[in-house]
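Student: Give me coordinates for this.
(one chain, ligands or ions: 2)
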Amino acid sequence: MSEQTTPDDITAAVLASFERSPDERLGTVMRALTAHLHAFVKDVALTEEEWRAAIGVLTATGHITSGTRQEWILWSDALGVSMLVDALANRVPASRGGPGDGAGPAGAATESTVQGPFYVPGAPHRGYGERIDEMPAGEPLWVHGTVRSLDGRALPGAELDVWQNGDNELYAVQDRKVPETHLRGRFTTREDGSYGFITVRPTPYPIPHDGPIGHMLAATGRHPWRPAHIHVIVRAPGHRPVTTHVFDRDSEHIDGDAVFAVKPSLLRELTARSADDPERPAGITGRWWSLASDFVLVPGAAAG
Ligand code: DHB
Ligand code: FE
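Tutor: Ligands and ions are numbered 1, 2, ... in the order given. The predicted model follows:
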């Protein structure tokens with residue numbers, strides 16, 4: 001009767017408490033959470049001081065989170081959990097080979113990556129060749145390509161929902177000085193599956209780092225930077241939508257994304273073009289850049 005209670009006794013008691021969960025999945029998740037959390041605490045021999053500090057960090061994370069600031073998602077992003085959940089939910093068929101066009105791996109379904117905290121639904125519909133920058137935000141960039149199904153068939157009527165930051169490093173949703181439609185747009189592919197729009201060169205961008213995540217990054221010798229990218233959600237009838245980015249492959253931080261969202265298949269070349277280049281789209285003057293990117297969707301239901 002006088003035997004001492006051990007750390008393992010405590011773990012066993014908590015595990016047992018979830019044995020009769022009416023929701024079976026919830027019981028499974030809570031037992032696994034308990035097992036991993038207790039193993040972690042024992043592994044690092046968490047001190048009382050560290051436990052108090054952790055509670056402080058979680059409290060600060062709640063306090064800084066608002067309708068427009070989601071520090072919990074930043075934790076998930078900065079610890080790679082968002083990418084892991086996305087990878088488990090969106091496994092895509094591997095490449096079937098075939099001729100490449102330099103705009104992405106041939107025949108492979110477009111890989112997904114994090115949505116990030118700055119997506120706002122309802123971007124304005126814009127026509128082929130129109131611009132998404134509504135005020136000066138950087139060097140002109142022509143983005144173009146084709147949306148296809150996995151079998152190579154072009155998809156007319158597909159939607160590209162695009163958003164990005166300007167050269168002040170801000171997305172419109174973060175910047176009270178710009179229209180809320182700035183650097184956002186929805187485009188519909190033409191009969192041949194093609195799309196094209198004018199934007200500006202995206203610049204590298206730091207994730208919000210004035211709160212708990214910023215402290216963690218600084219304290220562990222990490223940086224908050226993401227390489228230059230354009231966000232896009234591609235949707236087409238009868239296909240699984242894909243939430244992804246295209247990355248400037250020559251961007252700073254391309255090998256050190258703070259949220260681990262770079263995948264080799266999403267890297268694209270930005271090509272420098274001169275003012276007298278015969279392919280210069282109407283609407284651009286002076287020197288410009290171009291970026292070719294095709295998107296390949298997997299047939300199936302929209303859910304996921
Ligand atoms: C994150 C993603 C972004 O695309 C971005 O611009 C900033 C932050 C993120 O996943 O936390
Ligand atoms: Fe982003």
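
Student: From here on, just use CA atoms for contacts and neighbour counts.
Tutor: Fine.

Student: Pull the number of nearby residues for the nearest residue to residue 60 once chain neighbours are set aside.
Tutor: Spatial nearest neighbour of residue 60, excluding adjacent residues (CA to CA, 6 or more residues apart in numbering): residue 212 at 6.7 Å. Residue 212: 22 surrounding residues under other CA atoms under 10 Å.

Student: How much space separates the residue of the stretch 201-304 of the chain found nearest ligand 1 from residue 182?
Tutor: Here the stretch 201-304 of the chain gets closest to ligand 1 at one residue, residue 207, 4.5 Å apart by CA to the nearest ligand atom. Distance from residue 207 to residue 182, counting by CA to CA, to the nearest Å: 20 Å.

Student: Repeat that for residue 217.
Tutor: Residue 217 is 30 Å from residue 182, by CA to CA.

Student: Of these two, give the one with the bigger neighbour count.
Tutor: residue 182 (23 against 15).

Student: what does the stretch 1-150 of the chain put close to ligand 1?
Tutor: Contact residues (CA under 6 Å from any ligand atom) of the stretch 1-150 of the chain with ligand 1: 74, 77, 114, 116-117.

Student: This structure: helices as residue ranges?
Tutor: Applying DSSP state H to the chain gives helices spanning 7-17, 24-43, 48-64, 71-78, 81-89, 212-219.

Student: Would you point to the one among those that's packed deepest?
Tutor: helix 71-78 (a mean of 19; mean count of other CA atoms under 10 Å).

Student: Show the backbone phi and psi for the closest residue to residue 77 other than its chain neighbours.
Tutor: Using CA to CA, 6+ apart and skipping the chain neighbours, the partner closest in space to residue 77 is residue 259 (5.0 Å). Main-chain dihedrals, residue 259, degrees, to the nearest 10: phi -120, psi 10.

Student: cool, the one 10 residues further on as well?
Tutor: Per-residue torsions, residue 269: phi -90, psi 130 (degrees, to the nearest 10).

Student: wait, residue 223 sits on residue 217?
Tutor: Yes: at 5.9 Å, residue 223 and residue 217 qualify as touching, with contact defined as CA atoms under 8 Å.

Student: Looking at the stretch 101-250 of the chain, which residue is nearest ligand 1?
Tutor: Counting by CA to the nearest ligand atom, the stretch 101-250 of the chain gets nearest ligand 1 through residue 116, at 3.5 Å.

Student: Tell me how many other residues crowd residue 6.
Tutor: Residue 6: 9 neighbours (other CA under 10 Å).

Student: what sits against it?
Tutor: By CA atoms under 8 Å, 6 or more residues apart in numbering, no residues touch residue 6.

Student: quick one: it from residue 13, how far?
Tutor: From residue 6 over to residue 13 (counting by CA to CA), the distance is 11 Å.

Student: Next: residue 188.
Tutor: Taken as CA to CA, the span from residue 188 to residue 13 is 57 Å.

Student: And for residue 146?
Tutor: From residue 146 to residue 13 the distance is 57 Å (CA to CA).

Student: got it, and residue 172?
Tutor: 50 Å.

Student: next one: residue 254
Tutor: 46 Å.

Student: try residue 28
Tutor: Counting by CA to CA - residue 28 and residue 13 are separated by 15 Å.

Student: just residue 216 next, same as before
Tutor: 33 Å.

Student: Then residue 38?
Tutor: Taking CA to CA, one finds residue 38 at 12 Å from residue 13.

Student: One more: residue 252?
Tutor: 50 Å.

Student: Give me the contact list for stretch 35-42.
Tutor: 11, 15.

Student: By residue count, what's the longest strand in this structure?
Tutor: Taking DSSP state E as the criterion, the chain has its longest strand at strand 140-149.

Student: which residues in the chain form strands?
Tutor: Using DSSP E, strands in the chain cover 140-149, 159-163, 184-188, 194-200, 205-206, 225-226, 229-235, 242-248, 267-268, 271-273, 288-292, 295-297.

Student: What's the mean pLDDT across the first one?
Tutor: Along strand 140-149, the predicted local confidence has a mean pLDDT of 98.

Student: same for it, what does it pack against?
Tutor: Applying 3 or more CA pairs under 8 Å, 6 or more residues apart in numbering; DSSP states H and E, one finds that strand 140-149 makes contact with strand 194-200, strand 288-292, strand 295-297.

Student: in this protein, which segments are predicted with low confidence?
Tutor: Across the chain, the ranges flagged by pLDDT under 70 are 1-2, 94-107, 302-304.

Student: No more questions from me, cheers.
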